[in-house]
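*Asks:* No letters, just coordinates:
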């Protein structure tokens, strides 16, 4: 029997919205209690901020990180053309948001050979990186 409660509706809606972050093989059987708890957001400022070629190289490198097993979801983006407001910082060129089950999953990612290779191969492209890690309550 389908769950028609408000909580069930909200849970399903939240999972469908978050599904875009999850790799294809994972999403459908996620439950509210199993949704990844740690969010790792990284913002990159390129040395050549107007270079589409440099941006695309960085995006290529970030996409390669998808093969790391502890990553539960990965979204790569560029600043949105939303309303200019004092609280919005869109000075970066590329961002990534990763989801992990827990701190241990993020720790595995940090020392993973693919992550180390990414830093070595692509760090010449960026002038600044800012990271925000948060854990769900």
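*Replies:* Noted; the coordinates are in hand. Computed from a predicted model, the values in this text were never measured in an experiment.
*Asks:* Which residue ranges of the protein form helices?
*Replies:* 6-18, 52-64, 103-111, 113-122 (DSSP state H).
*Asks:* Just tell me which of the ones you listed ends up closest to residue 85.
*Replies:* helix 6-18 (23.1 Å; CB to CB). C-beta coordinates here come from the backbone N, C-alpha and C atoms, glycine included.
*Asks:* pLDDT of the closest one, averaged?
*Replies:* Averaging pLDDT along helix 6-18 yields 48.
*Asks:* and if you look at stretch 47-54?
*Replies:* Per-residue scores along stretch 47-54 average to 98.
*Asks:* number of nearby residues for residue 91?
*Replies:* 10 (other CB atoms under 10 Å).
*Asks:* Now do the same contact list for it.
*Replies:* Contact analysis of residue 91 by CB atoms under 8 Å, 6 or more residues apart in numbering lists 45, 79.
*Asks:* Residue 58 versus residue 88, what's the distance?
*Replies:* 22 Å (CB to CB, to the nearest Å).
*Asks:* which one of these two has more residues nearby?
*Replies:* Applying other CB under 10 Å to residue 88 and residue 58 shows that residue 58 carries more neighbours, namely 22 against 11.
*Asks:* What's the per-residue pLDDT of the residue lying closest to residue 71 once chain neighbours are set aside here?
*Replies:* Leaving aside its sequence neighbours, residue 71 sits nearest to residue 98 (CB to CB, 6 or more residues apart in numbering; 5.4 Å). Looking at residue 98, its pLDDT is 98.
*Asks:* Which stretch among the helices of the chain approaches residue 128 most closely?
*Replies:* Minimum separation from residue 128 across the helices of the chain (CB to CB) falls at helix 52-64, 12.8 Å.
*Asks:* domains of the protein?
*Replies:* By the assignment in automatic domain parsing, the chain contains the domains 1-35, 36-135.
*Asks:* Specify the beta-bridge partners of the spatially most central residue of the chain.
*Replies:* Nearest residue to the geometric centre of the chain (CA atoms, centre = their mean): residue 97, 1.6 Å. Counting by DSSP bridges, residue 97 is bridged to residue 41, residue 75.
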